[in-house]
Each structure stands twice: as structure tokens, then as C-alpha cells.
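Enquirer: coordinates for the following, if possible.
(one chain, ligands or ions: 1)
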Amino acid sequence: MSRVLIVEDEEHLAAGLKLNLEAEGYDAEVEEDGQVALERLVASGGGFDAVLLDVMLPGLNGFEVVRRLRAAGQFVPVMLLTARSERDDVLRGFEAGADDYLPKPFDLSILLARLQGLLRRHTWLRGTHQEDEGPDEFAFSGKLLDFRAQVLRWDETEQPLTLMEATLLRYLVRREGQTVARKALLEEVWGVREDTDTRTVDNFIARLRRHLEAEPSHPRHLLTVRGVGYRFVAEPEEQ
Ligand code: CA
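Expert: Got it, this is the predicted structure:
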């Protein structure tokens, strides 16, 4: 049974979510305060499988909770529930290390689909899936991607990756040299069909470029294919 922490200070919404998640077979618990939730997540040491995290919270806001969680080395999948769906807020959430976001108000069916998607990706990344998704490690241009450990290593550096960063990279690396459409990424990496906001994909690519590229504004590995999507190139030709 997957264990989910709901961090939400609107009592009715929190109670409704808990009830619905339990009806779907999840073990769901609620915290109302950001600081308390952060301490609980850090203390649990990976005891939760996913977190649904409201942004406007007493104690500590959702962005700070996820940022401090990542800084503490905790990479539990986090979905932000944001009342303000403006682009800047979404970007801030991803910057902080969130894996997905859902603007309020949302349909319960969409929330459940997204949550299932996050948990499925988590399992898939850990290599307990049935599909052939290629090796657990990938070396390119002096760097080593370790998908199981969710880290990118080069020289003496270890860059931890969030669940969705690692999942997206694994998907692109598996299709090295091929152009992949944004919509295909949304459907196959995020497991989302109802939603057509492809900015999610663009934001993640921008984040990954900061990890992978010597010059993120002039990418050589994660290339934009205008009007279509993206292509991963392991060993670009010398310029
Ligand atoms: Ca709130």
C-alpha cells in the first residue's frame, strides 16, 4: 500500500482528499503546517511514497518545504497543489525540486491519475518494471548517469536528480538521437493525457540543461527541435 502525506491547511479539502485516497487504497495522512510536515518527512527517512503539497501554508510555504526537503537529501515524489497557476509560481515550484504540480481547483480524477503516474514512475525508475527501458547507467561526455541512485556524476561531483528529472532523462537517453514530441513526453513520462500544458516539459528541460550542459543557454546534449520537442545527443560533434 502506498503511503501519501497530504500537506494542506484547508480542513475540508484535506479531509476530502484523505477520504478519497483511502477509498482508492492509499494509506493517507494529513499535516496542516509546512514546518511540521517538513520535520515529519525528514524524520521519516523515506517513509512516504509521495507528498501532495499545498503552496500557501502556515509555518513554511510549499516551495520552502520542497526546497528544504531536497537540501536534506530527501527525494520523495512531490506534487504541488497551487492556487496560483501563473507561470512564475510553477517555475518556482520546479526550481525548488517539485516533480509535478496541479492548479486548484482540480478534478479528483485528474489528481488520482497524476498521483498514480508519479508512483508508477518511481517504481519504473527503480528497475522493478517489466518493460525494457535500457541499462541503469549511462556514460556520456565524461559524465555518468545513475538512474537507480538518481544522480549525475562527473569528476568529484554528484548532482542528485529528482524523480521526474531522472525519469525524463532516462526516457530521452533511451531514445538517443531521436526527436521526441512534447506531448509524447507528457503522456509517456508524466502519464498525463487529460492535460495539455506542455510548459511542464519545457521547465524540466531547462532544469536538466543546468545539470548537463557546460553552457545551458547553448545546449549541445538536450537540443530543442523547434515546434516539435526535444532530442538528446550523447556525444555532440566538436564545434
Ligand atoms: Ca493553503
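Enquirer: may I ask which helix or strand of this protein has the lowest mean pLDDT?
Expert: helix 87-96 (a mean of 77; mean pLDDT, DSSP states H and E).
Enquirer: in the protein, which residue sits closest to the ion?
Expert: Closest residue of the chain to the ion, Cβ to the ion: residue 56 (3.9 Å). Just so you know, the C-beta spots here come from the backbone N, C-alpha and C atoms, and that holds for glycine as well.
Enquirer: tally of neighbours for that residue?
Expert: Residue 56 is flanked by 15 other residues according to other Cβ atoms under 10 Å.
Enquirer: centre of the chain to whatever helix or strand comes next after the least confident helix or strand of the chain, how far?
Expert: The helix or strand immediately downstream of helix 87-96 is strand 100-103, counting by DSSP states H and E. Taking Cα atoms, centre = their mean, to the nearest Å, one finds strand 100-103 lying 10 Å from the centre of the chain it belongs to.
Enquirer: kindly report the same for stretch 94-111.
Expert: 10 Å.
Enquirer: that one spans what distance, first to last residue?
Expert: 18 Å (Cα to Cα, to the nearest Å).
Enquirer: report the beta-bridge partners for the residue nearest to residue 10 when sequence neighbours are not counted.
Expert: Leaving aside its chain neighbours, residue 10 sits nearest to residue 54 (7.5 Å; criterion: Cβ to Cβ, 6 or more residues apart in numbering). Residue 54 has these beta-bridge partners by DSSP bridges: residue 81.
Enquirer: residue 157: neighbour count?
Expert: 9.
Enquirer: skipping adjacent residues, who's closest to the most centrally placed residue in the chain in space?
Expert: The centre of the chain sits closest to residue 99, judged by Cα atoms, centre = their mean, with a distance of 2.1 Å. Closest residue to residue 99 apart from its sequence neighbours, by Cβ to Cβ, 6+ apart: residue 164 at 4.2 Å.
Enquirer: against residue 218, how distant is the one you found?
Expert: 24 Å (Cβ to Cβ, to the nearest Å).
Enquirer: between these two, who's got more neighbours?
Expert: It is residue 164, of residue 164 and residue 218, that has more neighbours when counted by other Cβ under 10 Å, with 26 against 9.
Enquirer: contacting residues around that one?
Expert: 77, 99, 100, 118, 121, 189, 190, 204 (Cβ atoms under 8 Å, 6 or more residues apart in numbering).
Enquirer: of those residues, which belong to helices?
Expert: 118, 121, 204 (DSSP state H).
Enquirer: need the residues you listed in JSON lines (columns: neighbour count and pLDDT).
Expert: JSON lines is the format used below for these (neighbours: other Cβ atoms under 10 Å; pLDDT from 0 to 100):
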{"residue": "118", "neighbour count": "25", "pLDDT": "87"}
{"residue": "121", "neighbour count": "24", "pLDDT": "76"}
{"residue": "204", "neighbour count": "24", "pLDDT": "87"}
